[in-house]
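> My questions are about this predicted structure, shown below with the sequence.
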Amino acid sequence: MIKKMSGCTGNVTTPWKQLLLKALESNANLKHSSFFQLATIGSNGRPSNRTVVFRGFLESTDKIQINTDSRSRKIEELDHCPFAEICWYFTDSWEQFRINGGIDVIDGSNTDPCKLQQREKSWFSSSPKSRLQYLGPNPGLPYISEQPAQEFSLDLSSGPVDSFCLLILDPDKVDYLNLKSNERLAFSSKKSSSGERSWVQQKINP
């Protein structure tokens, strides 16, 4: 059966987001429940995958926030192909979410003041230890053992450093699987000419 849900924007919680919030709550006792895999496509056409941390939803939306280093390979890959997929498995409730969509890369060169404000808010929401990582050597480059270890200091009141980048994933397809109930749901979205988004839900074979 296919169900259509119109006007699922703004403060209205989409059905798949309700399932995700419930899964986060029921698995809150597990620290790893806030980690998921983010897959991108490289310029060579090959998939690239890594584990990242869920940084919450963008206010009043179903868009997912991810912090990253602008010097990392994923930024180059998203520049080549701005689409990605999340795979998120909750070990206590046996639920899996595959969330597909486009990603908006927000770094310090962005000219949109609202997006820069979102980036700054995400920066200050991060722990001091997490922020310090963005002052380290370029990720992915060869490690030089002879190089003396550098001590980095950070003014906690200062704004984001240049290498800090905020990724915003805007979902357009969600595949939900519950292994306990043997239920699988597919959600897909469409935008009208006025920009309003509607979601279609369909029960499919596990």
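Cool, the structure landed.

> following the longest strand belonging to the chain, which helix or strand shows up next?
For the chain, the longest strand by residue count, based on DSSP state E, is strand 164-178. Scanning forward in sequence from strand 164-178 by DSSP states H and E, the next helix or strand is strand 183-191.

> circling back to that earlier point, could I get the buried residue list for the longest strand of the chain?
Neighbour-count burial for strand 164-178 flags 164-169, 171-172, 174-178 (criterion: 16 or more other C-beta atoms under 10 Å). No exception for glycine: its C-beta is placed from N, CA and C like everyone else's.

> okay if I get those as a markdown table plus pLDDT and distance to residue 136?
Putting the buried residues of strand 164-178 into a markdown table (pLDDT from 0 to 100; distance: C-beta to C-beta, whole Å) gives the following:
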| residue | pLDDT | distance to residue 136 |
| --- | --- | --- |
| 164 | 98 | 12 |
| 165 | 98 | 15 |
| 166 | 98 | 18 |
| 167 | 98 | 19 |
| 168 | 98 | 24 |
| 169 | 98 | 25 |
| 171 | 97 | 31 |
| 172 | 96 | 34 |
| 174 | 98 | 34 |
| 175 | 98 | 36 |
| 176 | 98 | 37 |
| 177 | 98 | 37 |
| 178 | 98 | 40 |
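
> Which single one of the residues you listed is nearest to residue 74?
For the buried residues of strand 164-178, the minimum distance to residue 74 (C-beta to C-beta) is 8.1 Å, reached by residue 167.

> which non-adjacent residue is nearest that closest one?
residue 66 (4.2 Å; C-beta to C-beta, 6 or more residues apart in numbering).

> Low-confidence ranges, the protein, go.
1-12, 146-151 (pLDDT under 70).

> Tell me where it has helices.
When secondary structure is read from DSSP state H, the chain shows helices at 15-26, 73-80, 113-125, 128-132.

> Which among the ones you listed is found nearest to residue 88?
Closest to residue 88 of the helices of the chain, according to C-beta to C-beta: helix 15-26, at 7.8 Å.

> Turn the helices of the chain into CSV, including mean neighbour count and distance to residue 39.
Output for those, formatted as CSV (neighbours: other C-beta atoms under 10 Å; distance: least, C-beta to C-beta, whole Å):
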stretch, mean neighbour count, distance to residue 39
helix 15-26, 16, 18
helix 73-80, 17, 10
helix 113-125, 15, 22
helix 128-132, 13, 22
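
> Report the beta-bridge partners for the closest residue to residue 56 other than its chain neighbours.
In space, and not counting its chain neighbours, residue 56 is closest to residue 65: 5.4 Å by C-beta to C-beta, 6+ apart. Going by DSSP bridges, residue 65 is paired in beta bridges with residue 168.
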